[in-house]
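Peer 1: Pasting a predicted model and its sequence here:
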Amino acid sequence: MEDNFYTTVSNHSIPATSSWVASTWKAASSPNVVLALVLGPFIIAAITRYLSSRPSPQVGEEKSAWKVPYWIPFIGHGFSFLWDPSKMLREAKEQSPNAIFALHMGGTTHNIVSEPDLVRSAMAQRESTLSSHDVVWNVIQKFFGFPSNSKAKYFANWDELNTTYKYMLREPYLGQMLNTTVRNMERHICSMVSFVDTDIDLQPWERYAEASYVSDTETSLDLMKLMRDVMGHASIPAMHGNAFLDKYPEVLHDIYELDKGMLYLIMGLPAWTPWSPVISAHNARRRLWEALDAQQVAMDAQAKGEDPGDGWGDMEDVSPFTRNRNEMYRDKGFAIRERGELPTTWALIINSSLIVYWQILYILDNPSLLAEIRSEIEPHITIHKPMSIGRISEAPRITIDPEGLTTCHVLKATYLESLRLSAQPWSVRTVGTDVTLKGDNSNSNYLVKKGEYVTMPHDLHMRDPAYFSDPAKFDHERFLVRDEEGKITGTDMKTIRPYGGGPSLCKGRVLAERECLALVAGVLAYWDFEPDEGTRFRIPKQLKTSAVARPDGDTRVKVRRRKFEWDE
Ligand code: HEM
């Protein structure tokens, strides 16, 4: 037996393993096997393609989504989707004979819905039919890093958590938070650019925007980074109090780093992945948790009548929203590590600060629009004549009236058009029971099946030429409402959904709109900009992010303070 075992069948005196390799090689190199190996993948791909393109059986009157054919089993459209989701969706929509089409990715089926009537129907379904819970938890756990064993507590207190949003959405709290934000903006707008050539004397946002001294009246810097940080320095203290940003000045940049790594974190890539954006995202998230946890510890101590600790001060300026959430966490026994302040802090920063950049850039690119907006906002912005001693004078102060700005329809229309062009929001739901999404007539109803997903990429609709002519062009006129004489009487948001919809509709939408209008108006009233090179501003390509696009490169601009009447 032993001899047989070690003796090769081919009678040669080579070891058995080699003999096995040799025989396998011989078999593998036979023409039939080579043919099978070469043709196999093609045959599998062809069968997959055939099976995936078979129409779903129709149930009664109701159609189901058109399935976009694919070639690779299980992975389906995964690669082309990851490569360029916007292009892929646009092309699939163009080919689709139905108002809904379905993509297959990683064994899951996504019914892609973008027509306004069908989105409305989806948003109106009960949570048990189309649920956002699983998707929300997936993001909360994987992206924000919540402990996975807190899921039960999180959902047990779902209603209480949602109730706290009234401290952001409703008066008088909304007004309080907005006023604090706008007062911070007023201070930062006057000192936005310092025209010094020593790095140490620059404002933090100038350093981040890579400011480079041109002259005593002119500085060159990156517009996106500047606006992002100025907005962040106004809104973070309005939510968390001044001490928070003083103690943790890196919070803003950690939020940007975290956001850049969103996809990697959702894919579950660990911190040791040898790819720097993944490592940076993990590190940024750890530092953010440390900062937010420290604030919760300080607030807990203060609530017990104890000293909140070094550098926190009296925390009187922490918003009612953050205070109320801290109270709720204590009442419901949430451990420090289970408290969810990172998602709201991220949501506060990440979208508004980018929209402000896009809106300012689109306006600057159109000088007659800029002039129109400057005259429209003039009654609601006051620039105060500064005190002077000899030839030295302080920077003029600015006062912004956010309520008044809500009547500036052209300004508001440019905000809506910036959202239409730059926001990329998606709402995703899991299908709990078979459901019919109703279109505007019985011929446009669609059945979606339990276990699948309804995925609503709102940007697909917001750039659909069937609804928005010349969709890539910035044209704020499309949102203006005029009377018979052509006089502007208001704005109409039409069917855009930059804030998502249904139960997970953005809770900061009113605050976002008012703070964006205030910052854009304040900056345009106070500062002049010109492109650093050439005569036109470059409108950069957009990179896909969570909800508002990032530009694909720098927007270097030269900034000067505007000339006011007393300068003449
Ligand atoms: C222009 C700026 C903003 C845009 C475009 C935006 C967009 C969005 C989108 C698309 C969603 C998800 C909706 C869905 O799942 O259907 C969302 C959710 C949310 N946003 Fe905003 N947002 C903005 C500003 C803000 C601000 C300033 C805050 C203030 C903290 C905020 C707080 C939230 C919160 C708390 C949620 C989660 C709501 C929930 O799950 O119940 N957002 N936002």
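Peer 2: Yes, it's here.
Peer 1: pLDDT weak spots in this structure?
Peer 2: Low-confidence regions of the chain, defined by pLDDT under 70, span residues 1-29, 45, 48, 51, 55-61.
Peer 1: For it, which residues are neighbours of the ligand?
Peer 2: The chain comes close to the ligand at residues 136, 344, 347-348, 351-352, 355, 423, 425, 427, 498-501, 504-508, 511-512, 547-548, as judged by C-beta under 6 Å from any ligand atom. Yep, even glycine has a C-beta here, placed from its N, CA and C like the rest.
Peer 1: buried residues in stretch 390-397?
Peer 2: Buried positions in stretch 390-397, judged by neighbour count with 16 or more other C-beta atoms under 10 Å: residue 396.
Peer 1: Quote the end-to-end distance of that stretch.
Peer 2: Taking C-alpha to C-alpha, to the nearest Å, the first and last residues of stretch 390-397 lie 19 Å apart.
Peer 1: now do stretch 148-160
Peer 2: End-to-end for stretch 148-160, by C-alpha to C-alpha: 20 Å.
Peer 1: What residues sit buried inside it?
Peer 2: Per 16+ other C-beta under 10 Å, stretch 148-160 contains these buried residues: 150, 154, 157.
Peer 1: quick one: which of the residues you listed is nearest residue 561?
Peer 2: residue 154 (48.8 Å; C-beta to C-beta).
Peer 1: Now which of the residues of the chain next to the ligand would you call buried?
Peer 2: 136, 344, 347-348, 351-352, 355, 423, 425, 427, 498-501, 504, 506-508, 511-512, 547-548.
Peer 1: how far is stretch 336-345 from where the chain is centred?
Peer 2: From the chain centre to the centre of stretch 336-345 is a distance of 18 Å (C-alpha atoms, centre = their mean, to the nearest Å).
Peer 1: and what of stretch 251-262?
Peer 2: 11 Å.
Peer 1: Now it - C-alpha only, CSV.
Peer 2: What follows is stretch 251-262, C-alpha atoms only, in CSV (Å, rounded to 0.1, in the frame of the first residue of the first chain):
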residue,chain,number,x,y,z
VAL,A,251,-13.4,69.4,14.8
LEU,A,252,-14.3,71.0,11.5
HIS,A,253,-11.5,69.5,9.5
ASP,A,254,-12.1,66.1,11.2
ILE,A,255,-15.7,66.3,9.9
TYR,A,256,-14.4,66.9,6.4
GLU,A,257,-12.0,64.0,6.6
LEU,A,258,-14.7,61.7,8.0
ASP,A,259,-17.0,62.7,5.1
LYS,A,260,-14.3,62.0,2.5
GLY,A,261,-14.0,58.4,3.9
MET,A,262,-17.8,57.7,4.0
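Peer 1: contact partners of it?
Peer 2: 143, 208, 228-229, 232-233, 236, 244-245, 265, 277-278, 280-285, 287-288, 291, 345-346, 349-350, 545-546 (C-beta atoms under 8 Å, 6 or more residues apart in numbering).
Peer 1: for stretch 472-492, same thing?
Peer 2: The set of residues external to stretch 472-492 that reach it, using C-beta under 8 Å, 6+ apart, is 362, 365-366, 369, 409-410, 412-414, 416-418, 421, 463, 468-469, 493-494, 539.
Peer 1: Sort out for me which of those are in helices.
Peer 2: Taking DSSP state H as the definition of helices, those contribute 362, 369, 409, 410, 412, 413, 414, 416, 417, 418, 421.
Peer 1: Quick check: the farthest pair among those?
Peer 2: Top of the distance list for the ones in helices among the contacts of stretch 472-492 (C-beta to C-beta): 409 and 421, 18.5 Å.
Peer 1: okay, the two: which has more neighbours?
Peer 2: Counted by other C-beta atoms under 10 Å, residue 409 and residue 421 do not tie: residue 421 has more neighbours, with 22 against 18.
Peer 1: In contact with the more buried one, which residues are there?
Peer 2: Residue 421 touches 358, 362, 462, 463, 472, 474, counting by C-beta under 8 Å, 6+ apart.
Peer 1: What residue in the stretch 351-500 of the chain comes nearest to the ligand?
Peer 2: Per C-beta to the nearest ligand atom, residue 500 is where the stretch 351-500 of the chain lies closest to the ligand, at 2.2 Å.
Peer 1: Was I right to think that residue contacts residue 425?
Peer 2: Yes. Using C-beta atoms under 8 Å, residue 500 is in contact with residue 425, at 5.2 Å.
Peer 1: about what we covered before: among the buried ones among the residues of the chain next to the ligand, which ones are in helices?
Peer 2: Filtering those for helices - DSSP H - leaves 136, 344, 347, 348, 352, 355, 511, 512.
Peer 1: ok so, going back, buried by neighbour count, from the contacts of stretch 472-492: which ones?
Peer 2: 362, 366, 369, 409-410, 412-414, 416-418, 421, 463, 468.
Peer 1: Can you pick out the most distant pair from those?
Peer 2: 409 and 463 (23.1 Å).
Peer 1: From the opening residue of stretch 451-459 to its closing one, how far?
Peer 2: 25 Å.
Peer 1: Pull out the buried residues from it.
Peer 2: By neighbour count with 16+ other C-beta under 10 Å, stretch 451-459 contains the buried residues 452, 453, 454, 455, 456, 457, 458, 459.
Peer 1: Are we agreed that the fifth one is in a strand?
Peer 2: I take that to be residue 456. Yes. Counting by DSSP: H, G, I helix; E, B strand; the rest coil, residue 456 is found in a strand.
Peer 1: what's near enough to touch it?
Peer 2: Applying C-beta under 8 Å, 6+ apart, the residues near residue 456 are 112, 113, 114, 119, 122, 426, 427, 428, 429, 497, 501.
Peer 1: So which of those residues are in strands?
Peer 2: Judged by DSSP state E, strands contain the following of these: 112, 113, 426, 427, 428, 429.
Peer 1: Which of the residues you listed are buried? Put it as a PyMOL command.
Peer 2: Here is the PyMOL command that picks out the buried ones among those, judged by 16+ other C-beta under 10 Å:
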select buried, resi 112+113+427+428+429
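Peer 1: Who are the contact partners of residue 148?
Peer 2: The contact partners of residue 148, taken as C-beta under 8 Å, 6+ apart, are residue 141.
Peer 1: Give me the distance between it and the ligand.
Peer 2: 19 Å (C-beta to the nearest ligand atom, to the nearest Å).
Peer 1: Tell me where the stretch 51-200 of the chain has strands.
Peer 2: Using DSSP state E, counting those that start in this stretch, the strands found in the stretch 51-200 of the chain span residues 63-64, 66-67, 100-105, 108-113, 130-131.
Peer 1: what would those strands look like in a markdown table with distance to residue 190?
Peer 2: As requested, the strands of the stretch 51-200 of the chain are exported to a markdown table (distance: least, C-beta to C-beta, whole Å):
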| stretch | distance to residue 190 |
| --- | --- |
| strand 63-64 | 59 |
| strand 66-67 | 56 |
| strand 100-105 | 50 |
| strand 108-113 | 47 |
| strand 130-131 | 48 |
